[in-house]
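Chemist: have a look; sequence and predicted model below, questions after that.
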Amino acid sequence: MEQNEKSLVSDKGLKMEIIGREYGFFPGNEISGNIIITNDEIKTDKIYLQLKIKYYWNNKNTLNENKVIAQQILNTENYSNIDYTFLIPEDIEPSFEYCSHNSFAFIRYYLEAKCISNKILYNCSYLILIKGKYINRISRIKYEVKTDISQYFQKKGFCNVIVYIDKNYLTLDDEINLDIEVHNENCNLDVNLIKVNLQREILLSSLNKKQIFFDRKVNNRIKKEVLIKKKTSSKENIKIKIDPNENLDINKWINPYEGSRNIINYIPSIDTLFIKSIYNLKITIYFDSLYIAKEYRPRIIIPIYYGHQTKDEYDKIQKKKNTSSIFNSDVLISTFKSLNSNIEDFKNEEERII
């Protein structure tokens, strides 16, 4: 990966340089650079290097929190130029930016160098892009639903649907590949349509958890007309991609990463105490019948994880570290299924908040 170097000088005499900052960092990466003491009045044997996280939501300032998540103490040894290597924790969430017509929220990371000399605080800080980590999945993932229509309409039987998705982690350029099996052998109705919706749901919580903002958007949808006769079965393939401009009103958003082109250009999946971003694929089977209501149609909802990282970037990092990802995709799926089950509680607050 190409490397570049930027620097930021504080008003009080500390200068910090970071290698490769414009391209962002992954959890578990090391940040390298140097800190230069440019003010001769600074006399210290320690410089504190801290990685800070800031949660923010502009709704009546209900979410505005900063905290230190990692710290390193550097011994200056009377030098004015100090090299450093700072390890980013493995278990942190990616950077996050969200903008709508009435809400703005973010999770941002800052690397800050500071010291105290003669009871005066000297510091300088950088905004750091933390990218979503790649999650490897080897085998296909299977989802299945069986809808018994007879419990609503006598003698109509049941329809069984099986969906295979090749991987549960995707990045912006990835195409979601779905193999859909519709088993209509025990059904007395024809199937005439398969609809796939890719949805994103944003949940924002205040510090006191009393205010909730909920936003749902269909990012992309595919309709495939089929004719699967009663007492038969069929295998279908559907591909769908995320819309790269789905998250931001570009005309209103100010890029906080100082002009870098390789920034967040869509919202990653995320799960924190205050901010959640969830992607789901909703596959619905439609019968060729006017009196079958939507709640009786076979439907499968699949949680999808979106991140910043490409597979090539992941391979390079894994080859360099010679380790595998710490994330377990089965646990991830379970987590997002749990989150999805709680979304209805938040939707009840939507009208009141907006």
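Modeler: Ah, there it is. Residues are numbered from 1 along each chain as shown.
Chemist: C-alpha from now on. contacts and neighbour counts both.
Modeler: Fine.
Chemist: so Lys230 makes contact with His183?
Modeler: No. Contact criterion CA atoms under 8 Å: Lys230 and His183 do not qualify, at 9.3 Å.
Chemist: which stretch of helix or strand covers the nearest residue to Glu97 once chain neighbours are set aside?
Modeler: Spatial nearest neighbour of Glu97, chain neighbours left out: Phe106 (4.5 Å); criterion: CA to CA, 6 or more residues apart in numbering. Phe106 belongs to strand 104-117 when elements are defined using DSSP states H and E.
Chemist: who does that strand pair up with?
Modeler: Using DSSP bridges, strand 104-117 pairs in its sheet with strand 46-57 (antiparallel), strand 96-99 (antiparallel), strand 120-128 (antiparallel).
Chemist: Tyr143: which of those is closest?
Modeler: Closest to Tyr143 of the strands paired with strand 104-117, according to CA to CA: strand 96-99, at 29.3 Å.
Chemist: the closest one: how far from the chain's middle?
Modeler: 10 Å (CA atoms, centre = their mean, to the nearest Å).
Chemist: just stretch 158-165 next, same as before
Modeler: With CA atoms, centre = their mean as the basis, stretch 158-165 stands 27 Å off its chain's centre.
Chemist: what about it, average pLDDT?
Modeler: For stretch 158-165, mean pLDDT is 88.
Chemist: contacts for that stretch next, please.
Modeler: By CA atoms under 8 Å, 6 or more residues apart in numbering, the surrounding residues in contact with stretch 158-165 are 140-150, 176-187, 298, 300.
Chemist: before we move on, the earlier item: for the strand holding Phe106, list the C-alpha coordinates in CSV.
Modeler: Taking Å, rounded to 0.1, in the frame of the first residue of the first chain, the C-alpha atoms of strand 104-117 are listed here in CSV:
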residue,chain,number,x,y,z
PHE,A,104,-25.7,14.0,12.1
ALA,A,105,-23.7,11.4,14.1
PHE,A,106,-20.2,10.1,14.0
ILE,A,107,-17.6,7.9,15.8
ARG,A,108,-14.1,9.4,15.3
TYR,A,109,-10.7,8.5,16.6
TYR,A,110,-7.9,10.9,17.4
LEU,A,111,-4.2,10.2,18.2
GLU,A,112,-3.0,12.8,20.6
ALA,A,113,0.5,13.5,21.9
LYS,A,114,0.8,15.6,25.0
CYS,A,115,3.1,16.5,27.8
ILE,A,116,3.3,18.8,30.8
SER,A,117,6.2,21.2,31.4
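Chemist: and that strand, what's buried?
Modeler: By 16 or more other CA atoms under 10 Å, the buried positions in strand 104-117 come out as 104-116.
Chemist: name the helix or strand of this protein that has the lowest mean pLDDT.
Modeler: helix 350-353 (a mean of 41; mean pLDDT, DSSP states H and E).
Chemist: who does Leu14 bridge with?
Modeler: Beta-bridge pairing for Leu14 (DSSP bridges): Ile37.
Chemist: is it true that it touches Tyr122?
Modeler: Yes. Leu14 is in contact with Tyr122 according to CA under 8 Å; the separation is 6.7 Å.
Chemist: between those two, which one's more packed in?
Modeler: The neighbour comparison of Leu14 against Tyr122 (other CA atoms under 10 Å) goes to Leu14, with 22 against 19.
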